[in-house]
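# quick one: sequence plus predicted model below, questions after.
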Amino acid sequence: MNKEDVCILIPTLNEGKTIAALVNEFKSLGYPDILVIDGHSTDDTVSKAQNTGARVVVQTGTGKGQAINQAFRLLSSKYVIMVDGDGTYLPQEINKLIDPVVSGEADLVIGNRFANYEEGAFTGLNLFGNRILNKIFGLAYGVWLNDILSGYRAFNYNAYKQIELKKTGFEVETEITVECVKKDLKIVEVPITYLTRVSGAATKLRPVRDGFRIASTIYILTRTHNPLFYFNLIGGFLFMAGIIVGVYVVNEWIKNITHIPLTIFATLLILIGIMMFIFAILSDLMVSMHRENMRTMRKILKEMEQS
């Protein structure tokens, strides 16, 4: 592999304490192409990155998701390594991520932080929240991964050029993973080391708020990939709500108390729930047909390229 074919992409926001060392480490490993896309830092992140020889682009909008989306449009490298600029990942482990992509084993490689993390790198709430989000992702997409929120990833050209991001915040890692699943790209996880933050480098993640937003993103994006899960969840909620109201109405009727409006309401909830179940089946059928058509199209294009 020619290391000049690899671009190291580092999204930053106030990473002045770590960015220079991070860039220098990648350069010492022989990777000359380093792009720092900065989210309007108010410290010396930009000047330190420039002084170490990295290309620096200040993003046009705000948020990590917008920054990565902008960077993907700018880049044309054969391979891209995306790594957070907070110094919690080891540049020396880059081969773990890049090797499966170069060999063709994977289109996207995700570094699994939970394989080897320093004591104090995660709070108890972080560990619990990550496990829950990974389980929700597996249920929603049928792809069971250990660390969908990892910030250390490798992409080939085909992967990062196909990714279409709409989220602008910390949901971006989730959306990237969802996009790769939707596009039927090969995903591989590899064990990596995760370090504690350097002293004075505060995290920008708000566990409860951002965890809720990530979970919402996982669920909302299932509409186009797994409508069976999406609509069945809504249908199940409405159906059970109708049953609960119906049980109350019947119990009151036994006592010779009638609730006509509640009876109508319970009936509507149950009927709408059943309609959602039917809609889920029909939507899943359409998505399955579309997915099969896309696989056939990709196969034809691949055969045309080889001929």
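Yes, it's here.
# OK, contacts around residue 149?
Taking Cβ atoms under 8 Å, 6 or more residues apart in numbering, we find residue 149 in contact with 130, 133, 173-174, 214. Heads up, the C-betas are built off the backbone N, CA and C, glycines and all.
# did I read that right, residue 190 in a strand?
Yes: Residue 190: assigned to a strand according to DSSP: H, G, I helix; E, B strand; the rest coil.
# ok, back up a step: highest neighbour count among the contacts of residue 149?
residue 214 (25 neighbours; other Cβ atoms under 10 Å).
# that residue against residue 174, yeah?
Yes: using Cβ atoms under 8 Å, residue 214 is in contact with residue 174, at 5.3 Å.
# common neighbours of the two, please.
133, 149.
# doesn't residue 215 lie inside a helix?
Yes: assessed with three-state DSSP, residue 215 lies in a helix.
# which residues touch it?
So residue 215 contacts 132-133, 136 (Cβ under 8 Å, 6+ apart).
# okay, which residue is most central for the chain?
residue 174 (1.3 Å; Cα atoms, centre = their mean).
# quick one: which of the contacts of residue 215 is nearest residue 81?
Proximity to residue 81 was ranked across those by Cβ to Cβ; first place goes to residue 133, at 23.5 Å.
# what sits against the closest one?
Contacts of residue 133 (Cβ under 8 Å, 6+ apart): 148-149, 174, 211, 214-215, 218.
# what's the lowest-pLDDT member of the residues you listed?
Lowest pLDDT among these: residue 211, with 78.
# from the middle of its chain, how far away would the helix or strand harbouring that one be?
Element membership for residue 211, per DSSP states H and E: helix 207-220. Remark: helix 207-220 is offset 11 Å from the chain centroid, using Cα atoms, centre = their mean, to the nearest Å.
# which strand runs longest in the protein?
Secondary structure of the chain read by DSSP state E shows that its longest strand is strand 108-117.
# next, the buried residues of that one.
By 16 or more other Cβ atoms under 10 Å, the buried positions in strand 108-117 come out as 108-114, 117.
# stretch 188-196 too?
Neighbour counts using 16+ other Cβ under 10 Å place 188-190, 192-195 of stretch 188-196 among the buried residues.
# quick check, nearest of these to residue 140?
residue 189 (17.5 Å).
# contact partners for that closest one?
Residues counted as contacts of residue 189 (Cβ under 8 Å, 6+ apart) are 109-112, 145-147.
# I'd say residue 259 and residue 249 touch.
Yes: using Cβ under 8 Å, residue 259 is in contact with residue 249, at 5.3 Å.
# ok, for residue 291, nearest residue in space, not its chain neighbours?
residue 184 (7.3 Å; Cβ to Cβ, 6 or more residues apart in numbering).
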